[in-house]
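> quick one: sequence and predicted model below, then my questions.
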Amino acid sequence: MTKIYKLKRVNKTSIEKPVFDESRFTINYKNQLNPAQYEAVSSVEGAYLVIAGAGTGKTRTLVFRVARLIEMGYDPKSILLLTFTRKAAREMMNRAAILLDNRCSRINGGTFHSYANSILRKYAKAVGLDNGFTILDQGDSEDVINLIRAQLNLAKLKKRFPNKSTIFKILSLSVNTGKKIEEIVEQEYPHFFEFTDRIYDIAKIYSSYKKKNSLLDYDDLLIYLKEFLFGGSHHVKHLLSSINFVMVDEYQDTNKLQADIVRGLVQHNNNIMVVGDDSQSIYSFRGANFKNIMEFPSLFKNVKIIKLEENYRSTQEILNFTNHIIEAAVEKYPKFLFTHKAGGQVPAIISAKSENMQSLFVVEKILELREENVPLSEIAVLFRSSFHSFDLEIELNKANIPYLKFGGMKFIETAHVKDVLAFLRISVNPNDIVSWFRVLLLHEGIGPKRAQQILDEIQDSNSSVKIEPDLLSKKYKDNIYKLFVLLKNLHTKNLSPREKAESVVQYYEPIFKSKYDDFNKRKKDLEIFINITQNYKTMDTLLADLALEPPQDSLVDVSEEDKEDEFVTLSTIHSAKGLEWHTVFIIHAMEGFFPSSMSMHDLDDLEEERRLMYVASTRAKQNLFISYPMSIFDRQQGMTFAKPSRFIAGVKEDLAEEWLLEENPF
């Protein structure tokens, strides 16, 4: 009997995998990448964990993979690249476009929060949201919590109750780590454990308050996106069918919620590549979960691990030292960083008699390096905690060495910029009660009680706010009537974001001048803000971008000396991750300071301190100096002897030279 059918083997997705002729590609990927990078770039379908050691070309690898997928014929819009800063996403897309062509700029790229924002706006009804929702930044969230705290009369308790920022941190950590509030309080704030029930009450009221007023905080963006992805609606199927590949940068910095979102995005095709370095997981205080990268192979199907170990930043001498530091880690993906760079010196471990002698050594060495034509911009001093640099700052000022210290207030967190933003947010969402309170309290004669009275007058039975000047009783001054006229115009007239911002700044100027003694400095920030607004067509996108990816620096914090063309960088290690310098100094490398005394009783915390030392050391390209004072002043014990950090103690001579600083008698 003749067969009337033919069996044909297909893969699990029932789609034949295409075979590609590399010779037809525009880019010669094999020649431009090292073998490990090429393996990652040429991996297409399936789940991949790329362990990218410090300085091994992680960004280059992601950029080339984007280009190669597009050369293979995949729709750019079907590629999703999630990063931790929008700047990183833009940089990768721009580099890919330069490498190949403008198709690369059409991929979906952004932060977890900005991606969540775009999806929730698009599918708002499917998740029970109004697509005109307002995003609360951390300061706004804390203000809401403070309102709730006041309403519950918690400030009148005989015992100290946690402040608004502590409560917010507890609630946020609970959401991002998946732990109960009770567990967070017990671990992080045991002295407040008796108030756990009250904190639960605040959490419930805070949640209902946000729903009622169409407000979402950063955490809500991720929560709603996760619920949407696992909700099983036809909207989700439509979204997921449009995504062929998901790539995640800096995966070691993800929290539990973000890891769940990644699983949700690839639940149908398992085409996921995450890139990260377990040895650089240092943000647990923000909720980042080291276990995410360690458990990745067990959470996804048939994961292939690819290691990038060839370093393009540091000398082999520095890498030998950093390999030694991380080799002692309890849990890790073993790797050995190597380089073809020649001509390095072994790192130096310097013990100084006192903290001030440590500072004088750093200053003297910086001056020497400057004479050797090393630019000040290629020199950094790193430390575990911000206060470690105070003595050094004094000596740098004496020596007239310009420096910038990182970790100051962000532009968007300055009071005057937040004032202006509050007006604009009301124009988009009149139910934004937090912004109403901020704006009303700017006006003379208006305190918290009077502000609440005004809000009561303009809210209807459903608590919706109507911006109608005529609703106000005549007991309020003319300035409040003028405020309502301004806000009504902003809400109803078809003005551009720039025109609205200019109207607000013009109205705000007399208030601004009376409120701040240094208004001349602050005025420059308002000018920058107006310049930012002209890049936007809608107020929704402006407010979302400022909440999700704010500009970093305020000119208020930049002194005249800081405006020099060159400056030495002073930075906490957390702020220095991802950066590099010719010469790096790590100061206060002593027990109790680095590792921090707070980490001594918890193995996970101690292991993170080790990773911090690894991150600090791998910032150096040519010179690495690690120093500590042998005696330090303690408030309770006076001058005490200090031990070198366990991470540098007993290091062999072929890995680091040890130097003892002595006072020069001349």
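Cool, the structure landed.
> only C-alpha atoms from now on, for both contacts and neighbour counts.
OK.
> which secondary structure state does residue 374 sit in?
Classification of residue 374 by DSSP: H, G, I helix; E, B strand; the rest coil places it in coil.
> next up, phi/psi of it, please.
Phi and psi for residue 374, reported as degrees, to the nearest 10, are phi -90, psi 120.
> quick one: neighbours of the closest residue in space to residue 460 that isn't next to it in sequence, just the number.
What sits nearest to residue 460 in space, not counting adjacent residues and going by C-alpha to C-alpha, 6 or more residues apart in numbering, is residue 466, at 7.6 Å. Number of residues near residue 466 (other C-alpha atoms under 10 Å) recorded here: 15.
> can you check residue 223 too?
18.
> all helices for the stretch 51-200 of the chain, in order.
Taking DSSP state H, counting those that start in this stretch as the criterion, the stretch 51-200 of the chain contains helices spanning 58-71, 86-99, 112-122, 138-151, 164-177, 181-188, 196-212.
> ditto for the stretch 251-400 of the chain
256-265, 290-299, 316-327, 355-371, 390-398.
> ok, longest strand in this protein?
Longest strand in the chain by number of residues (criterion: DSSP state E): strand 620-629.
> export that one as PDB, just CAs?
Output of strand 620-629 as PDB, limited to C-alpha atoms (Å, rounded to 0.1, in the frame of the first residue of the first chain):
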ATOM      1  CA  ALA A 620      41.200  50.800  38.100                       C
ATOM      2  CA  LYS A 621      42.900  50.600  34.700                       C
ATOM      3  CA  GLN A 622      46.600  51.200  35.600                       C
ATOM      4  CA  ASN A 623      47.100  52.000  39.300                       C
ATOM      5  CA  LEU A 624      45.300  50.700  42.400                       C
ATOM      6  CA  PHE A 625      46.100  52.100  45.900                       C
ATOM      7  CA  ILE A 626      44.300  50.700  49.000                       C
ATOM      8  CA  SER A 627      44.900  52.500  52.300                       C
ATOM      9  CA  TYR A 628      43.800  52.400  55.900                       C
ATOM     10  CA  PRO A 629      44.700  54.300  59.100                       C
END
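> what's it packed up against?
When contacts are defined as 3 or more C-alpha pairs under 8 Å, 6 or more residues apart in numbering; DSSP states H and E, strand 620-629 packs onto helix 316-327, strand 348-352, helix 355-371, strand 581-586.
> ok, which of these comes nearest residue 108?
For residue 108, the closest of the helices and strands packed on strand 620-629 is strand 581-586, at 31.7 Å, according to C-alpha to C-alpha.
> and that closest one with helix 355-371, angle?
Compare the direction of strand 581-586 with that of helix 355-371 by axes from the mean of the first three to the mean of the last three C-alpha atoms, to 10 degrees and you get 170 degrees.
> what's in contact with strand 581-586?
Outside strand 581-586, the residues that touch it by C-alpha atoms under 8 Å, 6 or more residues apart in numbering are 362, 374, 377-383, 616-617, 619-627.
> quick one: average pLDDT of it?
Strand 581-586 carries an average pLDDT of 96.
> so which bits of it are buried?
For strand 581-586, the neighbour count (16 or more other C-alpha atoms under 10 Å) marks 581-586 as buried.
> distance check, the residue nearest to residue 460 against residue 608.
As judged by C-alpha to C-alpha, to the nearest Å, residue 466 and residue 608 stand 51 Å apart.
> low-confidence regions, the stretch 451-600 of the chain specifically.
Within the stretch 451-600 of the chain, the segments meeting pLDDT under 70 span 461-463, 471-477, 517-521, 549-565.
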